[in-house]
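Q: structure for this input, please:
(one chain, ligands or ions: 1)
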Amino acid sequence: MFIKQCDLCKKTIKEKEESIRVSICYPFSEFMFCAKCGEPIKKILKNKKMIKKD
Ligand SMILES: [Zn+2]
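A: As a prediction, the model looks like this:
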């Protein structure tokens, strides 16, 4: 089973919990954040279209 973890606070993101994935430059350079940590990042990157949501 694949366990998602927030790259910022290292909290495990549960299956039903919202997670935010951010790709920077390359498809392989992807970071995952929990909803709490991802919210401000999402706002910053919104205009750059770097946000992908699960
Ligand atoms: Zn987090």
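Q: contacts, neighbours, all on C-alpha from now
A: OK.
Q: which residues of the chain score low on pLDDT?
A: 1, 25-27, 48-54 (pLDDT under 70).
Q: and the strands in it, which stretches?
A: 4-5, 12-13, 19-23, 30-34, 51-53 (DSSP state E).
Q: of all these, which lies closest to the ion?
A: Among the strands of the chain, the nearest to the ion by C-alpha to the ion is strand 30-34 (4.3 Å).
Q: now the angle from the closest one to strand 19-23?
A: With axes from the mean of the first three to the mean of the last three C-alpha atoms, to 10 degrees applied, the angle from strand 30-34 to strand 19-23 works out at 160 degrees.
Q: list the beta-bridge partners for residue 32.
A: residue 21 (DSSP bridges).
Q: got a list of what it touches?
A: 4-7, 19-22 (C-alpha atoms under 8 Å, 6 or more residues apart in numbering).
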